[in-house]
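>>> Based on what follows, work out the 3D shape:
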Amino acid sequence: PASMRALDDIERALDDIEAECLAASTSDSTAASLDPRRVERIAARVAALRSPPTPPARGVSKHRAFDFSKHAARKIALHVCYLGWDYHGFASQGAANAAAPRTVEQALFDALAKTKLVESARDVFKVADYARCGRTDRGVSGLGQIVTLRARSNGAEGVDEELDYVALLNRALPNDVRALGWAPVDDELNARFDCEWRQYKYFFEKTDGLDLGAMREAARAFEGVHDFRNFCRMDAENVKSFTRNVLECTIEESHDGKLMYINVRGTAFLWHQVRCMASVLFMVGLGHESPTVVTELLDLERTPRKPQYPMAPEHALLLWRSGYDKARLDAERMHVSDSALAQLETHVAGQMHAQRVRAAIQEEIWAHLARSRAHRTRAASANDRDGSALARELAAVTCAGNVSVAKSRHQRLSDRPTEATFEERRARVESK
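Take a look at the predicted model:
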């Protein structure tokens, strides 16, 4: 459009010159001629239109800097979900640069800065009074992550008239991270310190190879206030107390009936606590340990040192929900606009379809192996493995990770080498 307007101006200028020439040629006056000053003005106009614009100096942005001082800000809570399999945990690990590990929180900071909701992806904690509900480890996913911060606002009082924070962020976030909702909160609310409980789900295969009754009995022993130092990765440098309150620990079936999960809700959790709890529960389910092993490990007089054992794999763990005082923040009823919700539904449907196609292909491969096993079983001796053995192997592969499926190869926790105590670790830290 700009180039077309320039051409129109040139044509009008040429028309003016032609009109001047025509007037001069038809004048009765012998002195009639073009006005030199008029010709000079028109020629200069044509030359200016034909001259290319001067490019901006290198390094100078043609866009005016965004002035945050001209915009209001408000304290909000954001509900964030993410598939953590390809991330080095949720929490950011330093400034935004290529050398820093890829984290979910850094992706969120980058999106906040790109959409001009905060001034910069750096120092968000200080500049925007940012806080997170909690950390999740590398490979762990989140559906119930809540963060609080001061974000740019258009000054509206109602949520419907405010900036569409969910839609803005989701256009800037990577495909495996999404904002699900937001809510205005009071200036004092802190996503971490005001969170009353967190709830995790650890998914595993539904199989006859696990004794779910024994697992449920062992899970109940986790409930209540206990010292969980034998069920975590001990951080003697930063953690002084290992007492935590587990509000519930149950074994449940997923809503579609295809999987099972360990449901754990507590006020707070230690580093790798849920994965350690899951690992011991799988040992119980496989028949390697008695359900009483949980009580024995929680009894520090009986078990003062943590036995060495592997954690359950991280990919099956989900931070499912977080709870707050509903008078200050109802995390289950946060605002999302109709358009943002429709975009989320479309996005998640596409993601689920991609995963289901992958799962269907794996199912076809599994069906082929099952047919091969059936043919082999008919031709093999009576000593060949039966369906029960296969179910136990499946249980170990899909949920227990590093837990040996064969009971004959399992070393009881009470007979294993142990780790250093908290006091021994503290002594090493203080001696440095």
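>>> could I get the helix or strand encompassing Cys276 in CSV with only the CA atoms?
Assigned by DSSP states H and E, Cys276 belongs to helix 273-285. Provided in CSV are the C-alpha atoms of helix 273-285 (Å, rounded to 0.1, in the frame of the first residue of the first chain):
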residue,chain,number,x,y,z
GLN,A,273,10.6,-39.1,48.3
VAL,A,274,7.7,-40.2,46.1
ARG,A,275,10.0,-42.2,43.8
CYS,A,276,11.6,-44.0,46.8
MET,A,277,8.2,-44.8,48.3
ALA,A,278,7.1,-46.2,44.9
SER,A,279,10.2,-48.4,44.6
VAL,A,280,9.6,-50.0,48.0
LEU,A,281,5.9,-50.5,47.2
PHE,A,282,6.9,-52.3,44.0
MET,A,283,9.2,-54.6,46.0
VAL,A,284,6.2,-55.4,48.2
GLY,A,285,4.0,-56.0,45.2
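>>> Which strands or helices does it pack on?
Under the contact definition 3 or more Cβ pairs under 8 Å, 6 or more residues apart in numbering; DSSP states H and E, helix 273-285 sits against strand 197-205, helix 212-220, strand 243-253, strand 259-266, helix 293-298, strand 317-323. For every residue, glycine as well, the C-beta is placed using N, CA and C.
>>> would you turn the ones you listed into a markdown table with mean pLDDT, mean neighbour count and distance to Leu341?
Putting these into a markdown table (pLDDT from 0 to 100; neighbours: other Cβ atoms under 10 Å; distance: least, Cβ to Cβ, whole Å) gives the following:
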| stretch | mean pLDDT | mean neighbour count | distance to Leu341 |
| --- | --- | --- | --- |
| strand 197-205 | 95 | 21 | 23 |
| helix 212-220 | 97 | 19 | 36 |
| strand 243-253 | 97 | 17 | 27 |
| strand 259-266 | 96 | 21 | 26 |
| helix 293-298 | 97 | 20 | 42 |
| strand 317-323 | 97 | 22 | 19 |
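>>> List the contacts of His79.
Going by Cβ atoms under 8 Å, 6 or more residues apart in numbering, His79 touches 144-146, 179-182, 331, 334.
>>> Return the distance of the residue nearest the centre of the chain relative to Asn175.
Note on the chain: the residue nearest the mean C-alpha position is Tyr82, at 2.9 Å, using Cα atoms, centre = their mean. Going from Tyr82 to Asn175 by Cβ to Cβ, to the nearest Å gives 10 Å.
>>> so how far is Trp182 from Glu162?
Applying Cβ to Cβ, the value for Glu162 to Trp182 is 9 Å.
>>> My error: substitute Leu286 in the last question.
Counting by Cβ to Cβ - Leu286 and Trp182 are separated by 44 Å.
>>> where's Thr421 relative to Arg428, distance?
The gap separating Thr421 from Arg428 is 11 Å, by Cβ to Cβ.
>>> again with Thr292
Per Cβ to Cβ, Thr292 is found 33 Å from Arg428.
>>> What of Glu196?
35 Å.
>>> Who are the contact partners of Ser339?
Counting by Cβ under 8 Å, 6+ apart, Ser339 makes contact with 164, 167.
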